[in-house]
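Engineer: Provided below are the primary sequence and the corresponding predicted coordinates.
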Amino acid sequence: MGEVRVEPARGDDAAAILAVHVAARSSYYRGFQPEEKLARSNARDPELYASIIRRPDRVVRVAKLGEEVVGFLMIGPCYYPEPDPAVTSELYQIHVHPDCFRHGIGTALHDEAISVWRGAGVALARLWAWDFNARALAFYAARGWVHDGTNPPGGPELGAHRMLGYVLDPRRVTAAPAGGSSPRTVRTPPGRR
């Protein structure tokens, strides 16, 4: 057993966040996007993530096993105009390194998002997920997210695939107690601390 800590991201976590993001997105894009295009879209500068961490309108948390970043979440204002004024925050990303899937890390990050939203008085939160990302869709559905029939206006497309809109009332979700940044015990993935 190992202990995962969910804590505020620091600027020096940016390269590790990028590595987790590239590994996670590669796992779900593979087979849906040509490898060359995927490689080009994965070529990113860690400074992008450092600048997001510094933004006052963003919440970035990392999940660490020991000192290793194995997951992260990003929350902020809605990217697209929202037809429902009750939707005031967006979950941009929860990513976990594929070596750490199904060990409770995504759940710990989601619990942290719920805690952040409750603390901010968010009535409804938004997320967008690719229709082909079965793992993400199942994860979010199990946590109470509801597909509201929307797609991002003029949003990304990948062949016949679209992003689907989901909403969640964080006040109605069972999550870890408020202040969810406390360490949580999870099963340590093989080969990890």
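Structural biologist: Okay, I see it. Numbers count the residues shown, from 1 in each chain.

Engineer: Tell me which helix or strand residue 4 sits in.
Structural biologist: Element membership of residue 4 [criterion: DSSP states H and E] is strand 2-8.

Engineer: got any ranges where the chain has weak pLDDT?
Structural biologist: Across the chain, the ranges flagged by pLDDT under 70 are 1, 25-35, 37-44, 156-160, 175-193.

Engineer: Name all residues that make contact with the residue lying farthest from the centre of the chain.
Structural biologist: The C-alpha centroid of the chain is most remote from residue 36, which lies 24.5 Å away (C-alpha atoms, centre = their mean). Listed by C-beta atoms under 8 Å, 6 or more residues apart in numbering, residue 36 has no contact partners. C-beta coordinates here come from the backbone N, C-alpha and C atoms, glycine included.

Engineer: Over to it. Which of the three states is it?
Structural biologist: Look at residue 36: counting by DSSP: H, G, I helix; E, B strand; the rest coil, its state is helix.

Engineer: Would you map the strands across this protein?
Structural biologist: Counting by DSSP state E, the chain has these strands, from start to end: 2-8, 59-65, 68-76, 87-96, 124-130, 146-147, 157-158, 161-168, 184-186.

Engineer: Include distance to residue 110 and mean neighbour count when you put those into TSV, please.
Structural biologist: Conversion of the strands of the chain to TSV gives the following (distance: least, C-beta to C-beta, whole Å; neighbours: other C-beta atoms under 10 Å):
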stretch	distance to residue 110	mean neighbour count
strand 2-8	10	17
strand 59-65	11	23
strand 68-76	8	22
strand 87-96	6	22
strand 124-130	10	21
strand 146-147	15	13
strand 157-158	25	13
strand 161-168	10	19
strand 184-186	11	16
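
Engineer: out of the ones you listed, which comes closest to residue 17?
Structural biologist: Using C-beta to C-beta as the criterion, the shortest distance between residue 17 and the strands of the chain is 4.9 Å, found for strand 68-76.

Engineer: counting contacts, what elements does that closest one pack onto?
Structural biologist: Contact here means 3 or more C-beta pairs under 8 Å, 6 or more residues apart in numbering; DSSP states H and E; on that basis strand 68-76 packs against helix 14-29, strand 59-65, strand 87-96, helix 105-120.

Engineer: Any idea which of these gets closest to residue 132?
Structural biologist: helix 14-29 (7.5 Å).

Engineer: Closest to the centroid, which residue in this protein?
Structural biologist: Closest to where the C-alpha atoms of the chain average out (C-alpha atoms, centre = their mean) is residue 94, at 1.3 Å.

Engineer: Could you list everything it pairs with in the sheet?
Structural biologist: Here residue 94 sits in beta bridges with residue 73, going by DSSP bridges.

Engineer: residues in contact with it?
Structural biologist: 71, 72, 73, 106, 109, 110, 113.

Engineer: surely residue 65 meets residue 20?
Structural biologist: No - using C-beta atoms under 8 Å, residue 65 makes no contact with residue 20, being 11.8 Å away.
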